[in-house]
Structure formats: C-alpha cells, structure tokens
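> need coordinates for the below:
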Amino acid sequence: MEATIEKKYTPKDFTSDQEVRWCPGCDDYVILRTMQKTLPEMGLAKEDIVFVSGIGCSSRFPYYLDTYGIHSIHGRAPGIASGIKLANPNLSVWIATGDGDAMAIGGNHFIHVLRRNIDLNIILFNNEIYGLTKGQFSPTSLIGQKTKSSPYGNTQPPFSPGELALGAQARFFARVGGGSPKEMGQIFIEAQQFKGTSLIEILQNCVIFNDGCFNHLTDKDVKEDKQIFLEHGKPMIFGKNRDKGLVLKGLKLEVVTIGENGVTQEDLLVHNAKEQDPTLHYMLVRMEYPLATGVIRSFDDVTLEEREDELTAQVKANSSFTKTDDLFFSGETYEVK
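Reported below is the predicted structural model:
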C-alpha cells in the first residue's frame, strides 16, 4: 500500500524546472497539466511516486513532473516499471507511453504486463502516428492513412488498444479525449485507487503529423452527441439533451431515444465496470457510435504481487531451510580438495 500523507501539495509541487518541449497546441500539454493538478488529490507522498517512459513524444513526461522518473528504452517501460513495483511495492508506479512505443516494438511487454496484473498504471498517448520520428504510420494508423512511410495510404489494419488490452486479460481499461481534463483527472484518480494494472487510452491530437484525427469525436460541438462517458452503476445515457441511451438487442448494442416508442430511462443498460465477464466491455470498446469513454472495465482481481507473496509464504512455511547455508549444503554436494 502506498503511504498516505497529511501534507497538502499543490500542482506546483509536481512541476519540474525543465522547459516543456512539445509542439504548440499538442494535447500532451493538457495531459501533463491534468496530471500535475490531479496528483495532489491522490493523497500520496511525493517521494512515493515514480513515472517510467519509453521513447516518443509522450516519453518526455517524467522530465516535466517533479517526482521520481526514468526515461527508459524503446518499448521496455513495462518491464522496468514492473521491476520497480516488485522491488518496492510501496511506490505508485506510472508508465507514459505512445501507440508506437507500446504496441509496436513494445507489444509483448505491453500485453504481458496487462496479463500479469501488477499494481501499476499505464497512460497510453494514442495519436495514430509516430510523432517523434516525424510522421510514419503506427499500429493504430487507419487503413488508407497517408503518412511519411505510407505516401499512397496505409494498408495495415489498426490495433484497437481496448480490444488488445481486453484480449490480454486487462482488468482495468479506460478511454478519454485529450482535450477533456475534467474527465481525465477523474480517471487518473480511479486508476490510482485500482489494485492491479490500469490502462488509460488518451485520444491525443498530433497537431503536426495527424492534426484533427479525433475531431469528429472530441470537438466540443460534437462531443456530447458522439461520446458516451460511462460511470459504474449509472445508466448508459448520452447526448446534448441527455435523451439518447444504449440497450442490448440480441447480441448488439443499440442506440435508442428516450421518449420514443415508449422507451424510458429505466430501459437503458446500467454500466457495470466491475463485471468479471468482459463480453459487454468488449462490445463497448468496439462500439463506434457513440464512442465509449470513461472507465469501461474495472474488475477487481488478485494482483501478481499477492500471488507471489502467497507462494513465497507457502514455500517458507514448508521449507526446512532457515539460512542460506542450509540451501548451499543440501541435496547432492561434492567437495573439491
């Protein structure tokens, strides 16, 4: 358990003295500022927080936060963060990664940290492009997307981070737009409170190489009609007039209008993020209209640390060894003269 503190921090306490070097207008500024504002609300001691990153624009994150931080190597942040957490369970460990860093060169590390369910948090900056290396297609780039490395259009189907995560047995998955600091901060806090691996996909606009890639979903004029912000235990309702909702019809989710054809709010699905069976969570992740945001899945499960601790205790209880020499001189031994 991370230590809780009585000292009152402010966002300034989590702001480093480093010059922030992202392109003007980049959503990364919003994400950084939201994290700096949210960290004081988590009730953690400053020295108990560490951010680990790989390679990419998002990987500058640890430089700009006045916490412990490691700028690691391409795609390997999950492995390093896992070691930090297992070596010091009292730390609140966060990974900052991009769609290329996490799901291309770091793909295996990414799926296995989700599978193992170590108690750490992953912020996935998804801008559907390689930004730091100047605009090549990434694992989330769309079919037909023209980039520096696909000048006539990308031919490779994209990964859905949510589908990939749930397929890897992720217990916590959330999604939010890069320009939604209120909802983003709420999700950061829920992720910190969750015991296990949490993954937060942020739809992050790259103003230089993929500008406007999420505008049809995240612009303030369309956001309320194109997104449904899910909250555990609340009806699945959305729209500027709060008159749209989701029902399950057969094996598909269907959008209905409250007041039409006798539909009332009581007919709408109620979000259960804590359900063990991920079937409905898969449907929500795959749904194109409305786009599901918020905490989609938050299933409480045993963490890797708990399993390791339990096994270690069992082995110790049944072991005849009381010191290292007992192990060295046990079983078959031989003497060199």
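> can you confirm residue 96 is in a helix?
No. Secondary structure of residue 96 (DSSP: H, G, I helix; E, B strand; the rest coil): strand, not part of a helix.
> you'd agree it is up against residue 58?
Yes. Judged on C-beta atoms under 8 Å, residue 96 makes contact with residue 58 at a distance of 5.1 Å. (Glycine included, C-beta is placed from N, CA and C.)
> find residues that contact each of those two.
123, 125 (C-beta atoms under 8 Å, 6 or more residues apart in numbering).
> quick one, strands of this protein?
49-53, 68-71, 92-98, 121-126, 172-177, 198-203, 227-230, 237-238, 244-249, 252-257, 291-298 (DSSP state E).
> closest to residue 149 out of the ones you listed?
strand 92-98 (15.9 Å; C-beta to C-beta).
> buried residues in the closest one, which are they?
92, 93, 94, 95, 96, 97, 98 (16 or more other C-beta atoms under 10 Å).
> show the contacting residues for the first one.
By C-beta under 8 Å, 6+ apart, residue 92 lies in contact with 2, 42, 44, 48, 49, 50, 121, 192.
> any idea what the fifth one is bridged to?
In this structure, residue 49 has the following beta-bridge partners (DSSP bridges): residue 92.
> tally of neighbours for it?
Counted by other C-beta atoms under 10 Å, the residues lying close to residue 49 total 21.
> just the helices in this structure please.
Assigned by DSSP state H, the helices in the chain fall at 28-38, 61-64, 77-87, 99-100, 107-116, 161-167, 181-193, 215-218, 223-226, 279-286, 304-318, 324-328.
> using PDB, write out every CA atom in the second one.
The C-alpha coordinates for helix 61-64 follow below in PDB (Å, rounded to 0.1, in the frame of the first residue of the first chain):
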ATOM      1  CA  PHE A  61       6.600  13.100 -19.400                       C
ATOM      2  CA  PRO A  62       8.900  12.200 -16.500                       C
ATOM      3  CA  TYR A  63      11.100  15.200 -17.100                       C
ATOM      4  CA  TYR A  64       8.200  17.600 -16.500                       C
END
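> can I see the domain layout of this protein?
11-234+271-306, 237-269 (automatic domain parsing).
> just the ones you listed: most buried one?
Burial of those is given as mean neighbour count (mean count of other C-beta atoms under 10 Å); domain 11-234+271-306 ranks first at a mean of 19.
> gap between the two ends of that one?
Domain 11-234+271-306 has its terminal residues 33 Å apart, counting by C-alpha to C-alpha, to the nearest Å.
> same check, this time on stretch 206-223
Note: stretch 206-223 ends 18 Å apart using C-alpha to C-alpha.
> circling back: same list (the buried residues of strand 92-98) but as CSV, adding pLDDT.
Converted to CSV, these look like this (pLDDT from 0 to 100):
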residue, pLDDT
92, 98
93, 98
94, 98
95, 98
96, 98
97, 97
98, 96
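> now the residues you listed as JSON lines including distance to residue 143?
Conversion of those to JSON lines gives the following (distance: C-beta to C-beta, whole Å):
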{"residue": "92", "distance to residue 143": "38"}
{"residue": "93", "distance to residue 143": "35"}
{"residue": "94", "distance to residue 143": "32"}
{"residue": "95", "distance to residue 143": "28"}
{"residue": "96", "distance to residue 143": "28"}
{"residue": "97", "distance to residue 143": "23"}
{"residue": "98", "distance to residue 143": "20"}
